[in-house]
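In: Model the following, please.
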Amino acid sequence: MLSAWFIIAAAPFVGSFLGVLIRRLPEGRPIAFARSRCEACGAVLSVFQLVPLASYVLQRGRCRRCGSPISPFHWMIEGAAVLVAIWAVLGEADPALQWLDCAIGWTLLTLGWIDFRYMWLPDVLTLPLLLAGLAFTLTVSPAEATAHAAGAVVGYLSLRGIAWSYRMIRGREGIGGGDAKLLGAAGAWLGLADLPYVLLIAALLGFAMAACLAAQGRRLHAGMALPFGPCLALAFWLIWMHGGWLMNGDGA
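Out: Coordinates of the predicted model:
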């Protein structure tokens, strides 16, 4: 129980770091050694101003120096990291596996958010996630290593094949290589048998995303690009956390 509370208490700080990754990685900015600054006036932020969630509330959502509004992105990503942690500790009793679930969830959260904002899934996150899945399976369940390796290969090649076919038929890109690597990572963690469920849920989430955009008045058309990474990431997470219940209805 103490471990669960520690994970939840650490989650906002992890979320703050994830926010740095999401904002700086696609722009090629330094991650570890660059000081955080106000986006409006450029003032270097103090330690007090960097306390996750609390600093936003205490500063009433504004920079203490120039009074400019602080982007809600910061509390949103920190809050999302907390939700992932709560989800993980409620779904798993073993403290070690709680941390593992959080690590997977936080990585998927970062990938989904980057793809939603920048239409890009960085290799520096997808490839380690894939390799970690294979290493974990080989260590914990060696008998299943072949199925998980096959899942990684089939997951990657299936979306690459769809992307190649789409490009040949339509003459333009439809699915990015990052999506294929993310599905490969899902196969590495979940195994070959679960990949169809990941794709099915991701496709349903994609349709739901398009429906929400249409409801907001966005005009959808054949050439419109929608990020598929968030859908794959959430589908991956749902199957990882609740695969037995989703597929069998009995939690087996």
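
In: contacting residues for residue 173?
Out: 163, 166-167 (Cβ atoms under 8 Å, 6 or more residues apart in numbering). (Each C-beta comes from the backbone N, C-alpha and C, glycine too.)

In: repeat that with 7 Å
Out: 163, 167 (Cβ atoms under 7 Å, 6 or more residues apart in numbering).

In: Check residue 8 too.
Out: By Cβ under 7 Å, 6+ apart, the neighbours of residue 8 are 82, 85-86, 89.

In: Which of these has the largest number of neighbours?
Out: residue 85 (26 neighbours; other Cβ atoms under 10 Å).

In: Okay, that one and residue 79: tell me how far apart.
Out: From residue 85 over to residue 79 the distance is 11 Å, taken as Cβ to Cβ, to the nearest Å.

In: Tell me which two in the contacts of residue 8 are the farthest apart.
Out: 82 and 89 (10.8 Å; Cβ to Cβ).

In: what helices or strands is the helix or strand where residue 135 lies leaning on?
Out: According to DSSP states H and E, residue 135 maps onto helix 123-140. Helix 123-140 sits against helix 95-118, helix 145-170, helix 177-190, with contacts defined as 3 or more Cβ pairs under 7 Å, 6 or more residues apart in numbering; DSSP states H and E.

In: tell me the most buried of the ones you listed?
Out: Burial of those is given as mean neighbour count (mean count of other Cβ atoms under 10 Å); helix 177-190 ranks first at a mean of 26.

In: Measure how that one sits relative to helix 95-118, angle-wise.
Out: 170 degrees (axes from the mean of the first three to the mean of the last three Cα atoms, to 10 degrees).

In: Tell me the first helix or strand C-terminal of helix 177-190.
Out: helix 195-215.

In: Give me the distance from that next one to the chain's centre.
Out: 16 Å (Cα atoms, centre = their mean, to the nearest Å).

In: Looking at that helix now, give me its mean pLDDT.
Out: On average, the pLDDT along helix 195-215 is 92.
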